[in-house]
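K.L.:
just the structure for this:
(chains A, B and C)
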Amino acid sequence: MPLDAADRPKTSFKQVGTRPLRPDGIDKVTGRARFGADANAPGMLIGKILRSPHAHARIRKIDASKALALPGVKAVVTKDDFAPRDDDLADVLVNVMARDKALYHGHAVAAVAATSVQVARKALALIAVDYEVLPHVTDVDEAMKPNAPVIRDGLITKGVDPALTKASNVAERYEFGHGDVKAGFAQAEVVVEREFKTEATHQGYIEPHACLANVGSDGTGELWVCTQGHYMVRDNCARLLGMDLSKLRVTASEIGGGFGGKTTVFIEPVALALSRKAGRPVKLVMTRDEVFLATGPTSSTSMMVKIGAKKDGTIAAAEALFKYQGGAFPGSPAQFGAMTAFACYDLKNVKVIAYDVLCNRPKQAAYRAPGAPMAAFAVESVMAELGAKLGLDPIDFRRRNAAKQGTKAVYGPTFGPIGFVETLDAVKNHPNYKKPLSKNQGRGIASGFWFNFGGQTCVSLNIGTDGTVNLALGTPDIGGSRASMAMMAAEELGIPYDQVRAVVTDTSSLGYNDVTDGSRVTFAAGAATIHAARDAVRKLCARAARTWGIPEDAVVWENGHAKPAGANAGNHKPLSLKEISGSAGSTGGPIAGHHEFNAENAGPSFATHVVDVEVDPETGRTTVLRYLIAQDAGKAVHPSYVEGQFQGGAAQGVGWALNEEYVYGKDGRLQNAGFLDYRIPVASDMPMIDTIILEVPNPGHPYGVRGVGETSIVPPLAAVANAVSDAVGVRLSSVPYSPPKVLKALNGRMKAAAE
Amino acid sequence: MVQVRIGGPLASMAGGLTRFELEASNIREILTGLGEACPRLKPVLEQGVTVAIDGELYRNAWFQPVKPDSEIYILPRMAGG
Amino acid sequence: MAGIHVTTTINGDTVEYVCQPDETLLDVLRDRLGLTGAKEGCGTGDCGACSVTLDGRLVCSCLVLGAEAEGRAIATVEGLADGETLHPLQRKFLEHAALQCGVCTPGFLVAAKALLDRNLNPTESEVRYWLAGNLCRCTGYDKIVRAVLDTAAEMRESRNAA
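P.N.:
Just a heads-up that it's a prediction; the model follows:
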């Protein structure tokens, strides 16, 4: 609901800003919480998926007769169990189950349901797939070459005028910018131009995808699933299986991390198809290598960034070229890379071109601020080099060019109230920024931006006759959102936090809710909760008014009580929420508040990170010594979980910067589909992570809330790269800054010095 | 009349045109008007776009009002992680 | 394959089950005994989400066979609290907001308890290296490490007071 201009965000709070315990906490520390793989059903079968060993192959024939003959096998499904489509779900379906071609190593080609996991595994080995292996390409630059194998027949690049006629792996070209870049660079006195690459990284949630499907012969079904959005799962699965939306009830389990990777369907339609065919419940749980092979990592990229500045530090012009591969399907976040790359800066002349490219890799899925961390790695690396050449302090250099309210963003529109300068000032005034550094130690600074989104949201708030409240939400809780929602409801109702119980309901209990993504839940579901509570308060006041026999507008709500107000209201003892709800049965029936809307005006969030590292010149290993984050939260509802979002994003970014990468062999096969070889940060890799929560209110939310979940992963890649460069004077053209690569650069430099 | 600017990649689908003047009081009228003024854009508009009004991003808000002096950009469809 | 009969102790209770020779202790706990607190994050001993103790020793239950539990004592996250009373680690994890999604939390709690059983005065580095076998993707470890250090301090204090 758009706010009236006069309706400024609330600034004084009783509960918002405190740190109560989360409502799902006890279950999660005692092992009681039920995640995706923790559910079972009587008569349940186990589902398993057969995956392509080839990066690119035509599927000539699938013969499942031997598998079906194996005792205990109850169903086999292939592409023939799903009707082909040409709509918005066409690519989703092809990714769920390969059709004429296997498009990447790990692409699903068939699935079985059997009485045990042992039988299911045996059955997979008995399915004969006749492949014709095709040439493949996994590198984004290679995929753009004229002689590259074309992955999708007849793919013509969108966004090129006049339209191209020759098919290629480039799905779309994007261009953003304003001003005159050529004239701008002509005025620049110092110019830095560099090329960069980043490898694909995986969201790395600890819980593999899991679901339990149960479809009846009457066309109704139930699905238990770990997902960021059970309405999305319901809609996609029902459409893929030809079911009515209302006949598929989806329940979101507790979710063991998502970070964008659980915003689409992979195994769910397969489990439902198996269950329908076998007439029994089917549980399907991915193994970790399946998660790496067949669920969305983020894009790998190849980038060029050029920035020119005057000697006083004013940026005269900036230009960038971004190539993002998104796997074997269109849809990489290249446009987000282009839109976010220079969003921190007030630029008069800027031009960004980006390409969405296909490779024989798994279909990329959203990963925390999709597309932004890579672009920021390139831009902020160049900013560091340029600032150093100009002899400017990195914070001062950024501050001189910082985006403010009124700045025209690179992607077009003009920013409203934003808190970027505040993040720069906050880190500059923090003790970490002044700590002395020793030999082989260095400090890196980088900034980042994310749009934040709102989206469709529906919330119900039911008041019990004892005065306690159930808050029904349709947005899976990934990081403590039930606590934040309960706090906002309690704040509005004027009752203690522990009298509000927030629950994520199934798809049959509430209207549609968009997935938990885009840093949207505390913002959008929070605003819906506040409005639902206000709806309930109106009804509570009306009941009090009838009880007192006075007009409704003569009643106000204060501190959890209805009170008479105004000259003609008369003298009545205030009625508490508990008293009003206790007599609800006699005053008109149950009392509930609802709100459904499409939240807009999410308000962007900016961050600046400062990282200190030490590089071991013997091994090339980088140790993170200190880490500092300043980010604008608009208003922190539960500061502990806001800090947690900052810290978690930073740690993921450190992993991306130092270790994590998808490694492909010449055969197009993924070489490191496991946590041993794909190394995410562990406790001993990280220091404590200092946080500064800034609160520049978002005028689009009743309390001023901005999303905070995604921005925190944007700066770390460049911050770490800049710190390594500051420590030992080497700058790599690609992440990860893994020990062998850093050591090679160090040795190369020593060799050059010796010659 | 409102001034509507086509941001980034959509401009190439509008035949390189980046500015339109339309009679519109809300987002739905802008999208309808744009589709009529530039039929090549119509399928893109129907698939979904983001509309920035005075710096705020709107993804699905047909009835969001616009004023004659509003800054309006049509951007590609957007979603987060 | 013929099942193997196993008698073992889990969280202090005698338990009997029949399992296949290739079944892991994690599969037995989760699928046969309904103890789903231990999670399978990788199945290869890399993530620690399935941590339990076997005769007091911290192990990944995905790397132990169900048959190996014969005559041993197993402790899982389900046995951490004493009835209604949470273990101090469980309480401190909640107070410090040391979990976001919570799927790694059972493993961290079991592993942290195994540390504090041996060393009630660990340094930050000792906590970080002890917990290096447990992956968390949400928190960046800051609040987890603080929760463990704070628990150790509280337990030392109550031990000294006793």
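K.L.:
how about the CA coordinates for the longest helix anywhere in chain B, as PDB?
P.N.:
In chain B, taking DSSP state H as the definition, the longest helix is helix B:27-37. Provided in PDB are the C-alpha atoms of helix B:27-37 (Å, rounded to 0.1, in the frame of the first residue of the first chain):
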ATOM      1  CA  ILE B  27       1.300   2.600 -14.800                       C
ATOM      2  CA  ARG B  28      -1.300   0.600 -16.600                       C
ATOM      3  CA  GLU B  29      -2.100   3.500 -18.900                       C
ATOM      4  CA  ILE B  30       1.600   4.000 -19.600                       C
ATOM      5  CA  LEU B  31       2.000   0.300 -20.500                       C
ATOM      6  CA  THR B  32      -1.100   0.400 -22.800                       C
ATOM      7  CA  GLY B  33       0.000   3.600 -24.400                       C
ATOM      8  CA  LEU B  34       3.500   2.400 -24.900                       C
ATOM      9  CA  GLY B  35       2.300  -0.800 -26.500                       C
ATOM     10  CA  GLU B  36       0.200   1.200 -29.000                       C
ATOM     11  CA  ALA B  37       2.900   3.700 -29.700                       C
END
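K.L.:
who does it touch, helix- and strand-wise?
P.N.:
For helix B:27-37, the packing partners by 3 or more Cβ pairs under 8 Å, 6 or more residues apart in numbering or on different chains; DSSP states H and E come out as strand B:2-6, strand B:19-22, helix B:42-47, strand B:49-53, strand B:72-76. C-betas here are computed from N, CA, C, even on glycine.
K.L.:
need the winner for burial among these.
P.N.:
Burial of the helices and strands packed on helix B:27-37 is given as mean neighbour count (mean count of other Cβ atoms under 10 Å in any protein chain shown); strand B:72-76 ranks first at a mean of 24.
K.L.:
now do that one: distance to the chain's middle.
P.N.:
Mean-position distance between strand B:72-76 and its chain equals 5 Å (Cα atoms, centre = their mean, to the nearest Å).
K.L.:
may I have the phi/psi pair for the residue of chain C found nearest chain A?
P.N.:
The nearest approach of chain C to chain A comes at residue C:37, 2.2 Å away (Cβ to the nearest Cβ). Dihedral pair for residue C:37: phi -60, psi -40, per degrees, to the nearest 10.
K.L.:
just checking, it touches residue C:78?
P.N.:
Yes: using Cβ atoms under 8 Å, residue C:37 is in contact with residue C:78, at 4.9 Å.
K.L.:
ok, the residue of chain C closest to chain A - contacts?
P.N.:
A:30-32, C:76-78, C:106 (Cβ atoms under 8 Å, 6 or more residues apart in numbering or on different chains).
K.L.:
doesn't residue A:249 fall inside a strand?
P.N.:
Yes: assigned with DSSP: H, G, I helix; E, B strand; the rest coil, residue A:249 falls within a strand.
K.L.:
who is it paired with across the strands?
P.N.:
Following DSSP bridges, residue A:249 is listed with bridge partners residue A:222.
K.L.:
tell me the domain boundaries of the chain?
P.N.:
Answering for chain A, as no chain was given. According to automatic domain parsing, chain A comprises the domains A:25-33+A:454-599, A:36-134+A:208-255+A:262-294, A:300-452+A:603-754.
K.L.:
please go with chain C instead
P.N.:
According to automatic domain parsing, the domains of chain C span C:4-79, C:88-161.
K.L.:
I'd like the mean pLDDT over the first one, please.
P.N.:
If I follow you right, that is domain C:4-79. What domain C:4-79 shows for mean pLDDT is 98.
K.L.:
the helices and strands packed on helix B:27-37: lowest mean pLDDT?
P.N.:
For these, mean pLDDT drops lowest on helix B:42-47, to a mean of 86.
K.L.:
that older thread, most surrounded residue in the contacts of residue C:37?
P.N.:
residue C:106 (30 neighbours; other Cβ atoms under 10 Å in any protein chain shown).
K.L.:
ok but that one is inside a helix, no?
P.N.:
Yes: assigned with three-state DSSP, residue C:106 falls within a helix.
K.L.:
just name the most buried of the domains of chain C.
P.N.:
Using mean count of other Cβ under 10 Å, domain C:88-161 ranks as the most buried of these, with a mean of 22.
K.L.:
now the domains of chain A in CSV, with distance to residue B:26?
P.N.:
Output for these, formatted as CSV (distance: least, Cβ to Cβ, whole Å):
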stretch, distance to residue B:26
domain A:25-33+A:454-599, 14
domain A:36-134+A:208-255+A:262-294, 25
domain A:300-452+A:603-754, 17
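K.L.:
please identify the most buried of these.
P.N.:
domain A:300-452+A:603-754 (a mean of 23).
K.L.:
quick check: mean pLDDT of it?
P.N.:
On average, domain A:300-452+A:603-754 scores 97.
K.L.:
check whether that domain comes near chain B.
P.N.:
Yes: judged by Cβ under 8 Å from any Cβ of the partner chain, domain A:300-452+A:603-754 comes into contact with chain B at A:335-336, A:338-339, A:366-370, A:409, A:411-416, A:450-452, A:700, A:710.
K.L.:
got the contact list for the residue positioned nearest the centre of chain C?
P.N.:
Note on chain C: the residue nearest the mean C-alpha position is residue C:110, at 2.4 Å, using Cα atoms, centre = their mean. When contacts are counted by Cβ under 8 Å, 6+ apart, residue C:110 touches C:38, C:51-53, C:58, C:75-77, C:80.
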